[in-house]
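Trainee: Below: sequence and its predicted model.
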Amino acid sequence: MSIRPTKQAAVRETLVNLTGLLDRGSRIVLFDGRNFVSKRRRSSSLYAGILISTGPTSGLTPVLSDIQESTVVFGGFDATFPEQIDRRFAPRSTEEIRGISEALARFNQVYVENLVGSGDNLSPIPGGIISRPWQGSVVLAKTRPNRKGPKNLVLCAHKTRRSSDQWDTRRRVTELARGPWSSFTTVQSGRSTLREFRRELQQHPFTLCVEGGGIDPSPKAFEALLQGSIPVIRDSGVADAYRHFPVLIIPEWEAKHLTPEILKQAREDILGRWPDWTHVLERLSMRYWREIIIRGESTRLNPCS
């Protein structure tokens, strides 16, 4: 499953080189804040895939009015939607958000990556995994969950950069992992190869999947699941999409929300509901999410097991 195009620059220029969920729709629309390009890709009315840039969205309303499909899928960028809370990009005004919300109301279902906002027809979808740098993930997928390993209960492995406050949350979680969570958490230091990272995932029942750009915990959450590790994610607008998987959702990245007792009970409950990881792998697929969209179902209503 992926909502992201592999080569975003080429997509922006020509609407080719699309991959993932956006490539499976009947129409693709690119909106750069001022202009838009709309291209019909299939004769059947499935859904329109919409890539919006991080710029102003005040001109998006007339674009939406021209779409004939009753279902739309938004994604492809880290900026959240319809509200914009990613620190790297300008926030949207109340007026902008109101205009977008009114324009979206006419669609039966609106599926959104990095969803921040509410509405009866708004459904979150996971970002999934793009082909780079996660090549070969499916080949290496496990069909059994990690019941125990030679290391700690939890793996903390994520990149941060001092130059941006985008990584503040990850820095704070690293401090927790080295402080109050240190007795049950392994903190990965330095760079590692993808093979080494996957080995670490396989040796830890849980993996901290802390948001960086946007609020979606993937691709790490998908990669963890592929290796049999249970993602730990923060509750947010996209959490309902991840309730389709065996995940541990905590209210906030705070010390009190993770303890050995909480983790062991969560692992017991999750492995009781998901004894065979084959069903997890099915839900990680493009087919699973595309069928939900084609049927026009809310992703908030599907059972987690």
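Mentor: Okay, I see it.
Trainee: Every contact and neighbour count from this point should use C-alpha atoms.
Mentor: OK.
Trainee: Got the phi and psi for residue 178?
Mentor: Phi and psi for residue 178, reported as degrees, to the nearest 10, are phi -90, psi -10.
Trainee: Which positions within the helix or strand where residue 123 lies qualify as buried?
Mentor: Per DSSP states H and E, residue 123 falls inside strand 122-124. For strand 122-124, burial by neighbour count (16 or more other Cα atoms under 10 Å) applies to 122, 123, 124.
Trainee: ok, then the element right after it?
Mentor: Following strand 122-124 toward the C-terminus (DSSP H and E): strand 154-156.
Trainee: how about the nearest residue to residue 77, chain neighbours excluded?
Mentor: residue 53 (6.7 Å; Cα to Cα, 6 or more residues apart in numbering).
Trainee: contacting residues for that neighbour?
Mentor: Contact partners of residue 53, counting by Cα atoms under 8 Å, 6 or more residues apart in numbering, are 31, 32, 33, 77, 79.
Trainee: Could you pull up the mean pLDDT of stretch 161-172?
Mentor: Mean per-residue pLDDT for stretch 161-172: 81.
Trainee: Quick one: residues in contact with that stretch.
Mentor: Contacts of stretch 161-172 (Cα under 8 Å, 6+ apart): 86, 87, 88, 158, 159, 160, 210, 211, 212, 213.
Trainee: Just send the residues you listed back as a markdown table, with distance to residue 176 and neighbour count too.
Mentor: Formatted as a markdown table, these follow (distance: Cα to Cα, whole Å; neighbours: other Cα atoms under 10 Å):
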| residue | distance to residue 176 | neighbour count |
| --- | --- | --- |
| 86 | 23 | 19 |
| 87 | 22 | 15 |
| 88 | 24 | 15 |
| 158 | 13 | 21 |
| 159 | 15 | 12 |
| 160 | 15 | 16 |
| 210 | 12 | 26 |
| 211 | 15 | 18 |
| 212 | 17 | 21 |
| 213 | 20 | 17 |
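Trainee: how close does residue 93 get to residue 51?
Mentor: 20 Å (Cα to Cα, to the nearest Å).
Trainee: and stretch 41-48, how far apart are its ends?
Mentor: For stretch 41-48, the end-to-end distance is 10 Å (Cα to Cα).
Trainee: Averaged pLDDT, it. What do you get?
Mentor: Rounded mean pLDDT across stretch 41-48 is 80.
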